[in-house]
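**Student:** Okay, here's the prediction I keep looking at, along with the sequence it came from:
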Amino acid sequence: MAEPGSIAEKVKQQADIVRIVGDYVRLKKAGQNFMGLCPFHPEKTPSFAVHPVKQFYHCFGCGVGGDVFQFVMEIDKLTFPEALRAVADKIGMPLPERRPRTPEEAKATQLRTLLVELHEHAVRFFAQQLLQTKEGALARAYLNDRGLTDEVMRTFELGYAPGTGDALLRKLREIGYKNEVLQASGLVNRDDRGAFYDRFRRRVVFPIANERGKVVAFGGRALGEDMPKYLNSPETPIYSKSRILYNLHRAKEALRRQDYAVLVEGYLDCIAVHTAGVGNVVATCGTSLTDLQVQLLGRSTRNLVVSFDPDAAGAAATERSLNLVLEQGFQVRVLTLEPGTDPDSFVRRQGAEAYREKLKDSLRYIDYLLLRVRGLYDLKTQEGKVAALNHLLPYLARVPNRIQRAEWVKPVADGLGIDDALLLQELKRAVVGRVEKLTVSERLQRPAAKIAERRLLKIFLDHEEFRPDLAKELADSGAHRGTSTERIFEACLSALASGGPLEVSALAEGLEEAERKLLFEVALESGAPGTLEEARSCLAALEAKQWEQQLRGLNRRIEEASRQGNAPEKGRLLREKQELTQRWQEFRRLHHKDTLTP
């Protein structure tokens, strides 16, 4: 593409491919080359090489390669002439005006240039309206109430669109822009009678810049009761909302330095978190995250903390985002806030330091999802467990790394009380089939009751003479909770508490089909009569299982605190484990259990 003696060749000779690529990819010196994670395909181990002497790049994973122009063309989806100009701009080398190949190309190029210039005028106009007019003072007061100083307003180039309906239109016409350009900008609308008017009226405006820092659109927040509350620029020749992340041009350096991004939903959330000292924050501009935005983010980092609102809409947006970023190989955590808050209000009420602490304590995405399903489904029932599994498996299936998927099997199985081998089987099926909803096998839905559960239930049903004592010990210990027979025992305890007889047919009426089947099977079993001592032995076996599960859960939390470097939390958990272990050992001594501590 760069022929000897051409302008392109001269630009290429002066351009440093390591610096140009380094604007998009985190590179590290490795021998003669620089290595990084390929921006063109998901990977965890760097296979993307840049040769500083021969000035080319190559990915050993997906096979892409070329010179500096090819890289910019691929990464920014540009034509060669556009890539040539982009590289020249990066190195500060002026280019002679290129003759367009066709009249259509000339017109499109001229329009894009005019639109970028027009948006620069609009930025200055809106800022002047905010900072220097009486009407803008109301908007300034609103922003001050939201914790934004005048300095922050200037940093983010915030502005105000007056309510007259044609103030910007008149200004742009005064500068000399024609109706065709005004309408193409998306800043001016046209009504049914053909009259032009400002798109943004009586709104605080937020300039939206592309990755190179050029303002290409605006977002507007209504003052008062005007609807919609938020209004964005439409798609234009220079703006595609699916390809832009708000604040990315400011955050790029912090992203590469800290190697993770914080993703929020709105402009004010982003500004609040940025001013809280978290420079690596970007926003989706209030729209759903897209594949193209994830790819854009992946040029700088593959680590992400999602910090959306904790309400139902925010939780749904978080889960949609997880689907996209997990599939592209990101390591993801979720920052959870208290109900009724968002990143903006949290920073204003509790301060920057409190938010940064929340950021340190963000949850692994799987722990966040487990927390979600515990609130959405009744995990005491097998149906609830199956529904929770169906909720989780599609996310796990999107993780491209097989080893990572396998690592989540045990925590999920423990969290849902489902057998590991069966969960892994369903997980593998989800990965292969790429399905959103699984038809889970009957065996997984109805795991067989353990021998101790069945025997305890049989004795409970058959021996009225010591049933009251056994019922009290069962209720006090809660040993039946989390077992396949939990609801059956609860029905038995309720019947006894009401003073009625313990009739199998009556118990069955309030149970699910599988539980009714189990109840009838146990009631009809034959065998030697049970004793209170045998029943207590079964009860102790169920309690022992609960102790083991608690200790395993603590061990996982200790490992997580250690991975996060959270020494205070690790110390607290170790003390909790020590206390729990002492109680566990006392339990074993009292029950003469020869059981190994987990």
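**Tutor:** That came through, no problem. Numbering: from 1, shown residues only.

**Student:** how about low-confidence regions in the stretch 351-500 of the chain?
**Tutor:** 380, 382, 417-424, 426-449 (pLDDT under 70).

**Student:** Quick one: the strands in it, in order.
**Tutor:** Under the criterion DSSP state E, counting those that start in this stretch, the stretch 351-500 of the chain carries strands at the ranges 363-364.

**Student:** Then the stretch 101-250 of the chain?
**Tutor:** Taking DSSP E, counting those that start in this stretch to define them, one finds strands in the stretch 101-250 of the chain at 159-161, 188-190, 196-198, 203-209, 215-222, 230-232.

**Student:** how much space between R302 and R256?
**Tutor:** Plainly put, R302 is 12 Å away from R256 if you go by C-beta to C-beta, to the nearest Å. For the C-beta atoms, the positions are set from N, CA and C on the backbone; glycine is no exception.

**Student:** er, R455 I mean
**Tutor:** 62 Å.

**Student:** quick revisit: would CSV of the strands of the stretch 101-250 of the chain with mean neighbour count and distance to R348 be doable?
**Tutor:** Conversion of the strands of the stretch 101-250 of the chain to CSV gives the following (neighbours: other C-beta atoms under 10 Å; distance: least, C-beta to C-beta, whole Å):
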stretch, mean neighbour count, distance to R348
strand 159-161, 29, 21
strand 188-190, 16, 34
strand 196-198, 18, 30
strand 203-209, 24, 16
strand 215-222, 22, 16
strand 230-232, 19, 19
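
**Student:** Turn the ones you listed into a markdown table, including mean pLDDT.
**Tutor:** Formatted as a markdown table, the strands of the stretch 101-250 of the chain follow (pLDDT from 0 to 100):
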| stretch | mean pLDDT |
| --- | --- |
| strand 159-161 | 97 |
| strand 188-190 | 95 |
| strand 196-198 | 96 |
| strand 203-209 | 97 |
| strand 215-222 | 96 |
| strand 230-232 | 93 |
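
**Student:** can you redo these as a markdown table with distance to K577?
**Tutor:** Formatted as a markdown table, the strands of the stretch 101-250 of the chain follow (distance: least, C-beta to C-beta, whole Å):
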| stretch | distance to K577 |
| --- | --- |
| strand 159-161 | 56 |
| strand 188-190 | 64 |
| strand 196-198 | 64 |
| strand 203-209 | 49 |
| strand 215-222 | 49 |
| strand 230-232 | 48 |
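
**Student:** Among those, which comes closest to A471?
**Tutor:** Between A471 and those, the tightest spacing by C-beta to C-beta is seen for strand 230-232, at 58.7 Å.

**Student:** list the helices and strands the closest one packs on?
**Tutor:** The contact analysis (3 or more C-beta pairs under 8 Å, 6 or more residues apart in numbering; DSSP states H and E) places strand 230-232 against strand 215-222.

**Student:** Mind listing the strands the strand it packs on pairs with, and their directions?
**Tutor:** Sheet pairing of strand 215-222 (DSSP bridges) gives strand 203-209 (antiparallel), strand 230-232 (antiparallel).

**Student:** can you put the ones you listed in CSV and add distance to A49?
**Tutor:** As requested, these are exported to CSV (distance: least, C-beta to C-beta, whole Å):
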stretch, distance to A49
strand 203-209, 31
strand 230-232, 39
